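> Structure for this input, please:
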Amino acid sequence: GNESALRHFGLRLLSSGETCARNLRGRAAAPPLLSRLGAEASPRSSIPALSALSSSVRSYPDKAPGSGRLGLVRAMASKTTHTEPFKLALCQLQVTADKDANIASASKAVREAASNGAQVVILPEMWNCPYSNDSFPVYAEDLDSEDSPSTQALSTLAKDLSVYIIGGSIPERQKDRLYNTCCVFDPRGEVVARYRKCHLFDIDIPGKITFKESDTLACGDSLTVVETEHGKIGLGICYDLRFPELAMIYAKRGVQLIVYPGAFNMVTGPVHWQLLQQARAVDNQLYVATCSPARDDGASYTAWGHSTVVGPFAEVVASLDEKPGIAYADIDFKQCEERRQNMPLTKQRRADLYDLNDCRNKVGFRF
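Next up is the predicted model:
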């Protein structure tokens, strides 16, 4: 009796499957989502396309198999994890020509931030050396060796204090190249991410400022998302802030906070520093945090200062003036979700008019 019942149940399943297949073959056009996936979603290959689609969702955030456009579904299928609010600290440091003194200053600030409850501590761009092409080669460190005093200090601090440290940036020496590099340390003191500045600061404003990072530095070639228990954090450095595409790709990858260690100057800082942060934040409905060195009017390059945290509605959550100090902000990613529900920009974008390619991940995002 049981064997007969099983055979009957199997025949019913087969019949149901054949009916479903006939319905798929009989349709004049594939459903809208499948039709946007190209050849893999043609009527003859509807089932394989669905199989590949399912695979791409399960493999998130790895690369999608097959057509790059499967990345669209992968991005859409990724869901934000609800996390508790956490405290972030921006350490705006006075940078000098003495590397040991800079390391000591950073260590003191990180300890103070942690003692005040910060769970994520951020340092400025080029915090261990003066910002100049002459200094970068002299202060550069091989971050893969044990002979890197700056990274060793941050690793020890992160472990001792059980905090995440987004280590601003320092000049990195990698064989015959130099990079402007940010390392991230987890509460175990491990380096869990590294980001090399992608857009080099090469500008010439006659009578105001001329600087060319490319005289000494090489540019990075990939973006970095840091996965933490607090959520996903994207990284950029200073001039990267001017390129909205980077922030848009981070948002598509599920990032809800982008951190930009930076050192805008006295020409561009007053007019663009906060403006750009608010633009990146409101365009992508996420948090943006920037951390600058404190101002030194006697330096060859004078930083603007004004480290800032901006919320997903472009509101300034925390900020400093030009002097050394620490700013604190409570980050609540539910605010990002609320803003995205209030104004569902992602759903309202026109996929028929424009798109954005995440080239490094070989994924094409249709908005």
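> CA only for contacts and neighbour counts going forward, please
Noted.
> Apart from its chain neighbours, what residue comes closest to Gln285?
In this structure, Gln285 finds its nearest non-sequential neighbour in Pro312, 4.3 Å apart by CA to CA, 6 or more residues apart in numbering.
> Quick one: the helices in the stretch 101-250 of the chain, in order.
135-139, 149-161, 244-252 (DSSP state H, counting those that start in this stretch).
> Out of these, which gets nearest to Asp202?
helix 135-139 (15.2 Å; CA to CA).
> Okay, buried residues for that closest one please.
Of all the residues in helix 135-139, those buried under the rule 16 or more other CA atoms under 10 Å are 136-137, 139.
> One more: stretch 99-119?
Under 16+ other CA under 10 Å, the buried positions of stretch 99-119 are 99, 102-103, 105-107, 109-111, 113-114, 118-119.
> Equivalent analysis for stretch 155-174, please.
155-159, 161-173.
> which residue sits closest to Pro85 in space, ignoring its chain neighbours?
Asp332 (4.4 Å).
> ok, now which ones touch the one you found?
83-86 (CA atoms under 8 Å, 6 or more residues apart in numbering).
> And for Val225?
Going by CA under 8 Å, 6+ apart, the list of residues near Val225 reads 193, 232-235, 250, 255.
> For the residues you listed, pick the one with the most neighbours.
The most crowded member of those, judged by other CA atoms under 10 Å, is Leu235 (29 neighbours).
> Distance check, the spatially closest residue to it that is not a sequence neighbour against Ala113.
In this structure, Leu235 finds its nearest non-sequential neighbour in Val259, 5.2 Å apart by CA to CA, 6+ apart. For Val259, the distance to Ala113 equals 17 Å [CA to CA, to the nearest Å].
> what does Val191 give?
20 Å.
> residues near Leu204, how many?
Actually, residue 204 is Asp rather than Leu. Neighbours of Asp204 (other CA under 10 Å): 11.
> typed the wrong thing, it's Asp221
11.
> Repeat that for the one 3 residues further on.
A total of 14 residues lie near Thr224 under the criterion other CA under 10 Å.
> how many degrees apart are the strand ranked longest in the chain and helix 149-161 in direction?
Among the segments of the chain that qualify as a strand by DSSP state E, the longest is strand 177-185. Per axes from the mean of the first three to the mean of the last three CA atoms, to 10 degrees, the angle that strand 177-185 makes with helix 149-161 is 10 degrees.
> Could you shift the numbering so residue one becomes 501, and keep it that way?
I'll keep to 501 as the first residue from here, and by that count the last item is strand 677-685.
> Strand 677-685: which residues count as buried?
Buried residues in strand 677-685 (16+ other CA under 10 Å): 678-685.
> Just send those residues back as a markdown table, with distance to Ser714 and pLDDT too.
Formatted as a markdown table, these follow (distance: CA to CA, whole Å; pLDDT from 0 to 100):
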| residue | distance to Ser714 | pLDDT |
| --- | --- | --- |
| Leu678 | 10 | 99 |
| Tyr679 | 10 | 99 |
| Asn680 | 11 | 99 |
| Thr681 | 14 | 99 |
| Cys682 | 17 | 99 |
| Cys683 | 21 | 98 |
| Val684 | 24 | 99 |
| Phe685 | 27 | 99 |
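> Give me the contact list for stretch 671-685.
626, 636-637, 639-643, 651, 654-655, 658, 664-670, 691-697, 716-720, 737.
> and the helix or strand containing Lys587, what other elements does it pack with?
For Lys587, the element it lies in under DSSP states H and E is strand 586-592. On a contact count with 3 or more CA pairs under 8 Å, 6 or more residues apart in numbering; DSSP states H and E, strand 586-592 meets helix 599-615, strand 620-622, strand 787-791, strand 825-831.
> and that strand, which strands flank it?
If you go by DSSP bridges, strand 586-592 pairs up with strand 620-622 (parallel), strand 825-831 (antiparallel).
> need the next SSE after the longest one, C-terminal direction.
Proceeding N to C from strand 825-831, the next assigned helix or strand is helix 834-842, under DSSP H and E.
> Low-confidence stretches in the stretch 751-867 of the chain?
861-867 (pLDDT under 70).
> Check the average confidence over stretch 713-731, would you?
On average, the pLDDT along stretch 713-731 is 97.
> list the buried ones in it?
713, 716-719, 723, 725-726, 730-731.
> and those residues, which of them are in strands?
Per DSSP E, the subset of these in strands is 725-726, 731.
> ok, those residues vs Asn765, which is closest?
Nearest member of these to Asn765, counting by CA to CA, is Val725, at 27.1 Å.
> In contact with the spatially most central residue of the chain, which residues?
Nearest residue to the geometric centre of the chain (CA atoms, centre = their mean): Gly734, 1.2 Å. Shown in contact with Gly734 (CA under 8 Å, 6+ apart): 723-726, 750, 755-759.
> Out of the residues you listed, name the two that are farthest from one another.
Farthest apart among those by CA to CA are Leu723 and Gln756. That separation is 14.9 Å.
> distance of Leu661 from Gln619?
9 Å.
> on that earlier part again, am I right that the residue nearest to Gln785 falls within a helix?
No. Using DSSP: H, G, I helix; E, B strand; the rest coil, the secondary structure at Pro812 is coil, not a helix.
> tally of neighbours for it?
27.
> Go ahead and confirm it touches Gln777.
No. In this structure Pro812 lies outside contact range of Gln777 using CA atoms under 8 Å: 10.3 Å.
> Kindly point out which residues are neighbours of both of these two.
Val788.
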